[in-house]
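# Sequence plus the predicted model coming up.
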Amino acid sequence: MDQSVIQALQFVLQEELRPLKEDVRQIKGDLLPLKEDVQQLKDELLPLKEDVQQLKDELLPLKEGVRQIKMQLDRMESNQNEDIIAVLSHMSGKLTAIQEDMEGLKHDVEYTVKEQAAIRLQIERSKRTITTDPIKPV
């Protein structure tokens with residue numbers, strides 16, 4: 001091919017590509033402010049990211065503390081339930097002992113009443129014997 005044909009083809013291609021090149025330059029020009037905005041957002045978010053990480057670091061021990069407090073409360077609740085059961089068991093034992101004491105007292109009262117009745121009966125018999133027997137001179 002002839003040099004002039006090649007130059008003519010280059011000229012035609014350049015003319016055809018010129019609007020595309022202008023569009024690409026315009027797009028680059030439009031993207032440059034967006035790129036700057038994205039960089040600015042990154043710069044603004046970096047301190048926020050650091051703050052979030054710092055908050056996470058501060059909250060982690062608090063989370064552990066809350067977990068330990070919850071475990072202690074669960075243990076206290078369990079111990080409290082065990083204490084209530086122990087108190088009720090102790091009170092039941094005391095009530096049983098009191099009931100047994102009352103049974104013993106009831107038997108003592110019944111025995112005393114029977115014994116007093118027997119003594120009264122003997123006294124009554126003795127009175128009758130004394131009043132019915134004449135006194136003998138000695």
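That came through, no problem.
# those helices in the chain, which residues are they?
Assigned by DSSP state H, the chain shows helices spanning 3-132.
# Show me where it dips below the pLDDT cut-off.
1, 131-138 (pLDDT under 70).
# what's Ser92 in contact with, if anything?
Contact analysis of Ser92 by CB atoms under 8 Å, 6 or more residues apart in numbering lists nothing. Where you see a C-beta, it was placed from the backbone N, CA and C, and this is true even at glycine.
# what's around Met71, how many residues?
10 (other CB atoms under 10 Å).
# Glu64 now?
Look at Glu64: counted by other CB under 10 Å, it has 10 neighbours.
# same deal with Gln72?
Close neighbours of Gln72, defined as other CB under 10 Å, add up to 10.
# How about Asn79?
Applying other CB under 10 Å, we find 11 residues neighbouring Asn79.
# same thing with Asp43?
Neighbouring residues of Asp43 were enumerated by other CB under 10 Å; the total is 9.
# how near is it to Asp37?
Using CB to CB, to the nearest Å, we find Asp43 at a distance of 11 Å from Asp37.
# Could you do Arg25 as well?
For Arg25 relative to Asp37 (CB to CB), the value is 20 Å.
# Check Pro61 too.
Counting by CB to CB, the gap from Pro61 to Asp37 is 38 Å.
# And for Glu82?
Here Glu82 is placed at a distance of 65 Å from Asp37 (CB to CB).
# Could you do Thr112 as well?
Using CB to CB, one obtains 107 Å as the distance from Thr112 to Asp37.
# cool, and Glu100?
91 Å.
# Ok, Tyr111 next?
Plainly put, Tyr111 is 107 Å away from Asp37 if you go by CB to CB.
# same check, this time on Leu46
In terms of CB to CB, Leu46 sits 15 Å off from Asp37.
# again with Gln10
39 Å.
# now Gln26
Taking CB to CB, one finds Gln26 at 18 Å from Asp37.
# and Glu100, how many neighbours?
Using other CB under 10 Å, Glu100 is surrounded by 10 other residues.
# just Leu88 next, same as before
Leu88 has 10 nearby residues by other CB under 10 Å.
# Ok, Val5 next?
Val5 has 9 neighbours, counted by other CB under 10 Å.
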